[in-house]
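*Asks:* My questions concern the predicted model and sequence given below.
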Amino acid sequence: MTQQATDRQAAYPRVAFVTGAASGIGAAVCRLLAAQGVAIAAADQNEAGLAALHDSLGRDVRFLSAVLDVRDEAAQQAFVGEVEAKLGPITDVVPCAGLARSAPAETMSAEQWDLVLDINLRGTFLTCKSTAAVMLPRGRGSIVCLASVTARGGQPGRANYAASKWGLVGLVKSLATEWGNRGVRVNAVAPNGVDTPLLKVGVPEGFREGVMLDRTPLGRFAQVEEIAQGIAYLLSDAASYVTGAVLDIDGGLTAGYLTHRHGTDYALHQR
């Protein structure tokens, strides 16, 4: 970190606004940033999860939480105002709220489509918009959104999820071009499967083990802390010249095509 960056960090204590903060990647981001001395503003629809997060961080961490739906623009704006009043100027934003509802495209209901697009894409946009309203006038801030390897290609049964994540990448790149010269950086991370209860519930074991891991060179799923580390890097002054980027944290899944058994090519052994 440069001396200028160190001086800036001392002058402006960091405050992170994290949605989807009660579990998974969002909670891991809160824990990592809190350990770095960052104040945490956590939003989620899971009130019990937010309370558990607060307990896990320790009561000496500067912490504020709100039960809200990221689709509710007024609620997000109100919480942003509360955060600024009680914790100080928001410097870091991580919109982690998201979900998936899988179904064949020909039978996917309009409600399934709308729910995923509304949470994953509209909700992320509203989080970015609400926080940029206070960061842009100050000329500083960093936003890291949660994309997916599904933003690199399609996936059967997940037309809604894939569309939301492709749209999110377009959103990130558009915001980066709009806000870069005003001091706000916007990036994203694109994980592969992450070892969470949600993965185990939402993806059949045969597909997880027989396809996803089989085609991942590192041969395992990510831990939430590994995704959080990538997010923390993009938020930090160590990435001060990075904006509009999508960082793949995927164990090598998108490194190539026709991979099999962690990179063993049958063509080399079946002659």
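*Replies:* Looks like it came in fine. The structure displayed is predicted, hence computed values, not measured ones.

*Asks:* what about the strands in the stretch 1-150 of the chain?
*Replies:* Along the stretch 1-150 of the chain, counting by DSSP state E, counting those that start in this stretch, strands occupy 15-19, 39-44, 63-67, 92-95, 141-146.

*Asks:* Turn these into a markdown table, including mean pLDDT, mean neighbour count and distance to Leu175.
*Replies:* (Each C-beta comes from the backbone N, C-alpha and C, glycine too.) Below are the strands of the stretch 1-150 of the chain laid out as a markdown table (pLDDT from 0 to 100; neighbours: other C-beta atoms under 10 Å; distance: least, C-beta to C-beta, whole Å):
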| stretch | mean pLDDT | mean neighbour count | distance to Leu175 |
| --- | --- | --- | --- |
| strand 15-19 | 98 | 28 | 15 |
| strand 39-44 | 98 | 26 | 19 |
| strand 63-67 | 98 | 18 | 23 |
| strand 92-95 | 98 | 27 | 11 |
| strand 141-146 | 98 | 26 | 7 |
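
*Asks:* and of those strands, who's closest to Ala105?
*Replies:* strand 141-146 (23.3 Å; C-beta to C-beta).

*Asks:* Give the other helices and strands that that closest one contacts.
*Replies:* strand 92-95, helix 123-135, helix 159-179, strand 184-191, helix 224-235 (3 or more C-beta pairs under 8 Å, 6 or more residues apart in numbering; DSSP states H and E).

*Asks:* circling back to that earlier point, now the strands of the stretch 1-150 of the chain in CSV, with distance to Leu117?
*Replies:* As requested, the strands of the stretch 1-150 of the chain are exported to CSV (distance: least, C-beta to C-beta, whole Å):
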stretch, distance to Leu117
strand 15-19, 16
strand 39-44, 19
strand 63-67, 22
strand 92-95, 14
strand 141-146, 15
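
*Asks:* quick one: low-confidence ranges for the stretch 101-250 of the chain?
*Replies:* Within the stretch 101-250 of the chain, the stretches with pLDDT under 70 are 202.

*Asks:* picking up where we left off before, any idea which of the helices and strands packed on strand 141-146 gets closest to Val83?
*Replies:* Using C-beta to C-beta, the nearest of the helices and strands packed on strand 141-146 to Val83 is helix 123-135, at 8.9 Å.

*Asks:* Which residues belonging to that closest one are considered buried?
*Replies:* 123-128, 130-132, 134-135 (16 or more other C-beta atoms under 10 Å).

*Asks:* quick one on the thing from earlier: most neighbours per residue, which of the helices and strands packed on strand 141-146?
*Replies:* Mean neighbours per residue, mean count of other C-beta atoms under 10 Å, is largest over the helices and strands packed on strand 141-146 for strand 92-95, with a mean of 27.

*Asks:* Show me what it pairs with in its sheet, parallel or antiparallel.
*Replies:* Strands that pair with strand 92-95, judged by DSSP bridges, come out as strand 15-19 (parallel), strand 141-146 (parallel).

*Asks:* Can you give the contact residues for the longest one?
*Replies:* Right, the one you point to is strand 141-146. If you take C-beta atoms under 8 Å, 6 or more residues apart in numbering as the criterion, strand 141-146 is touched by 20, 25, 90-96, 98, 124, 128, 131-132, 135, 168, 171-172, 175, 183-189, 191, 231, 234-236, 239.

*Asks:* Kindly report the same for stretch 111-122.
*Replies:* Taking C-beta under 8 Å, 6+ apart as the rule, stretch 111-122 contacts 70-71, 97-101, 103, 159-161, 163-165, 167-168, 171.

*Asks:* chain center to it: distance?
*Replies:* The chain centroid and the centroid of stretch 111-122 are separated by 16 Å under C-alpha atoms, centre = their mean, to the nearest Å.

*Asks:* tell me which residues in it are buried?
*Replies:* 112-113, 115-122.

*Asks:* how far does it stretch from start to finish?
*Replies:* From its first residue to its last, stretch 111-122 covers 15 Å (C-alpha to C-alpha, to the nearest Å).

*Asks:* Cheers, nothing more for now.
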